[in-house]
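Colleague: Would you be able to build a 3D model of this:
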Amino acid sequence: MKKSIIPILLCLIPALGLHAELTIEECVSKAEAHYPSVRKYDLLAATKDIDLSDINRSWLPRIAAYGQLTGQNVVPSFPESLTGVLEQMGQEMKGLGTVQYKIGVDISQSIWDGGAAAAGRNLVRSQDDMRRAALDVELYAVRQRVENIYFALLLIEEQIAQNDVTYSLLMNNLEKVRSMKRNGVAMQSDLDMVEAQALGIKQIIALAQSAAQGYRRVLELFIGESIDGEKLVRPNGELPLNRESNRPELRLFESQLVVNEATKKLSDTSLMPKIGLFAQAYYGYPGFDYFKSMINRDLSFNIMAGVKVSWNIDAFYIRKNTSRRSTVNAGNIDTDRELFLFNSDLQSVSQFETIKGLRSVMEDDERIVALRTNVRKAAESQLENGIIDATALLTKISDENVAEITAKLHEIQLIQEIYKLKYTLNR
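Modeller: Sure thing, here's the model as predicted:
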């Protein structure tokens, strides 16, 4: 019986949510997946498929049906001398009618488009890559926002934890002062002073807890789920090994250059001739046989087919400007990329120096806290022996609290600066 209960209890422990923890990487991942713009990836894929489908359909035959009714003041006719000869032979020559009508179908089929379809497909794919890169940049900014909220929440909760320790310390000392007052060693003012300090710390804790709840609600909105009862794990403070920038903006610049080149190649296809088949069929009057249509005005079926070569030389007029425009666009993109890298390098250098400075400051934090603790303990002993009053003790307790909070602040600031550096480099 006992053996059957143990596995059940082991299964229930995770379900109870005990010691639930949440890391900064999980928050960033969930926030990116929950961010509304992430749905644009599917929309971009659908847009690309539609554009490619349109280009592929350009190879399908083009069919146009039409109906036509015209009236003309002049139509082709036989010379009068020839008409007279035909009439003597018993053949009446009416000539073409001035009212003409027909219904028909025109069909055309491209055989070679000068590479326009292939260049168009390449342009669509490169534009899709560029839009995805731009969306990557937009979503990457979410990472910084989530990390800032995460570290702000870490800092507030560390302050709450340290103030809880200070509050407990003050309450212990409050009991000691009460005992001393009963024994006539301390005055009511000493008791009131310690109690007022404890209540002040309690107020600070309440305000900090309210702020922490606010940050938690904001973080929940980003990640799309509740984090009540979950403990935020303090990240490690390891510097990135590779200090070369890997930001998504760089991929955006590269994709912009690819789109620029693809646009130029599509423009170049306009310089090439186009070859296609065509067919024309119609039922009406007059037919292709004008002689027959002059004798009688009966409706007839007519068809014509052939090969058509077309070459629009207008593109040669603007070829030079098109090439220059492409070169200028590429130069602008390269300049933007260099400017981005320059600013990124400046930022990373500044962040490295900040990290170095924080590490230097933190070397003395532990010693300062230890010294402040020793002074506070000595003051507690001195208060019990009547050497100092409550005011002096409260000063020592406040100094110790400030030292503890400052040390925790430096620790979290160091980790946050490292994560800022990782964000700058995308490492």
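
Colleague: So what's the residue count around the residue nearest to Leu241 when sequence neighbours are not counted?
Modeller: In space, and not counting its chain neighbours, Leu241 is closest to Arg427: 7.8 Å by C-beta to C-beta, 6 or more residues apart in numbering. Yep, even glycine has a C-beta here, placed from its N, CA and C like the rest. Using other C-beta atoms under 10 Å, Arg427 has 15 other residues around it.

Colleague: before we move on, what about Val124?
Modeller: Counted with other C-beta under 10 Å, the neighbours of Val124 add up to 20.

Colleague: Quick one: residues contacting it.
Modeller: Counting by C-beta atoms under 8 Å, 6 or more residues apart in numbering, Val124 makes contact with 48, 51-52, 55.

Colleague: likewise Arg121?
Modeller: Contacts of Arg121 by C-beta under 8 Å, 6+ apart are 52, 55-56.

Colleague: what does the average pLDDT come to for stretch 353-364?
Modeller: For stretch 353-364, mean pLDDT is 92.

Colleague: and if you look at stretch 238-255?
Modeller: On average, stretch 238-255 scores 90.

Colleague: which of the residues in it are buried?
Modeller: Residues 245, 247-253, 255 are the ones in stretch 238-255 that count as buried (16 or more other C-beta atoms under 10 Å).

Colleague: Helices - which of those land there?
Modeller: Among the buried residues of stretch 238-255, the subset assigned to helices under DSSP state H consists of 248-253, 255.

Colleague: Make CSV out of these and add distance to Asp192.
Modeller: Below are those laid out as CSV (distance: C-beta to C-beta, whole Å):
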residue, distance to Asp192
Pro248, 60
Glu249, 60
Leu250, 64
Arg251, 65
Leu252, 64
Phe253, 67
Ser255, 69
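
Colleague: Between the residues you listed, which sits nearest Ala65?
Modeller: Ser255 (43.1 Å; C-beta to C-beta).

Colleague: Can you say which helix or strand has the nearest residue to that closest one once chain neighbours are set aside in it?
Modeller: Leaving aside its chain neighbours, Ser255 sits nearest to Met130 (4.0 Å; criterion: C-beta to C-beta, 6+ apart). In the assignment (DSSP states H and E), Met130 maps to helix 116-182.

Colleague: next structured bit after that helix?
Modeller: Immediately after helix 116-182, counting by DSSP H and E, sits helix 188-223.

Colleague: so after that next one, what's the next helix or strand?
Modeller: Downstream of helix 188-223 (by DSSP H and E), the next one is strand 231-232.

Colleague: In its sheet, which strands sit next to that next one, and in what direction?
Modeller: Partner strands for strand 231-232, per DSSP bridges, with pairing direction: strand 21-22 (parallel).

Colleague: Residues touching the partner strand, excluding its own?
Modeller: The contact list for strand 21-22 (C-beta under 8 Å, 6+ apart) reads 227, 230-233.

Colleague: mind redoing it with 10 Å?
Modeller: 30, 150, 219, 223, 225, 227, 230-233 (C-beta atoms under 10 Å, 6 or more residues apart in numbering).

Colleague: The closest residue to Phe278 other than its chain neighbours in helix, strand or coil?
Modeller: Excluding the flanking residues, the one nearest Phe278 by C-beta to C-beta, 6+ apart is Ser108, at 4.6 Å. At Ser108 the chain is in strand, as set by DSSP: H, G, I helix; E, B strand; the rest coil.

Colleague: Go ahead and confirm Ser108 touches Lys308.
Modeller: Yes. Ser108 is in contact with Lys308 according to C-beta atoms under 10 Å; the separation is 7.6 Å.

Colleague: so what sits against both of the two?
Modeller: Counting by C-beta under 10 Å, 6+ apart, the shared contacts of Ser108 and Lys308 are 276-278.

Colleague: Most neighbours of all the residues you listed, which one?
Modeller: Gly276 leads those on contacts (other C-beta under 10 Å) with 17 neighbours.

Colleague: Give me the nearest residue to it, chain neighbours excluded.
Modeller: For Gly276, ignoring the flanking residues on the chain, the nearest one in space by C-beta to C-beta, 6+ apart is Ser110 at 4.6 Å.

Colleague: What's the local residue count around that neighbour?
Modeller: Residues lying near Ser110 (other C-beta under 10 Å) number 18.

Colleague: which ones are touching it?
Modeller: 58-62, 116-117, 274-277, 308.

Colleague: do the same with Asp399
Modeller: When contacts are counted by C-beta under 10 Å, 6+ apart, Asp399 is found next to 368, 371-373, 375-376, 379.

Colleague: Is it correct that the residue nearest to Leu241 is in contact with Leu239?
Modeller: Yes. With contact defined as C-beta under 10 Å, Arg427 reaches Leu239; the gap is 9.1 Å.

Colleague: Quickly list what's touching both of those two.
Modeller: Counting by C-beta under 10 Å, 6+ apart, the common neighbours of Arg427 and Leu239 are Leu421.

Colleague: ok so, going back, using a markdown table, lay out the buried residues of stretch 238-255 together with distance to Gly331.
Modeller: Below are these laid out as a markdown table (distance: C-beta to C-beta, whole Å):
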| residue | distance to Gly331 |
| --- | --- |
| Ser245 | 21 |
| Arg247 | 21 |
| Pro248 | 22 |
| Glu249 | 18 |
| Leu250 | 17 |
| Arg251 | 19 |
| Leu252 | 17 |
| Phe253 | 12 |
| Ser255 | 17 |
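
Colleague: closest to Arg125 among these?
Modeller: For the buried residues of stretch 238-255, the closest approach to Arg125 (C-beta to C-beta) belongs to Ser255, at 10.4 Å.

Colleague: What average pLDDT does stretch 105-120 get?
Modeller: 90.

Colleague: Please compute how far that stretch lies from its chain's middle.
Modeller: Distance of stretch 105-120 from its chain centroid, counting by C-alpha atoms, centre = their mean, to the nearest Å, is 37 Å.

Colleague: And the residue nearest to Leu241, how far from Asn242?
Modeller: Distance of Arg427 to Asn242, given as C-beta to C-beta, to the nearest Å: 6 Å.

Colleague: Identify each buried residue in stretch 345-365, please.
Modeller: Going by neighbour count (16+ other C-beta under 10 Å), the buried part of stretch 345-365 is 348, 351-352, 354-355, 358, 365.

Colleague: about what we covered before: let's see which of the shared contacts of Ser108 and Lys308 end up in strands.
Modeller: Of the shared contacts of Ser108 and Lys308, the ones assigned to strands by DSSP state E are 276-278.
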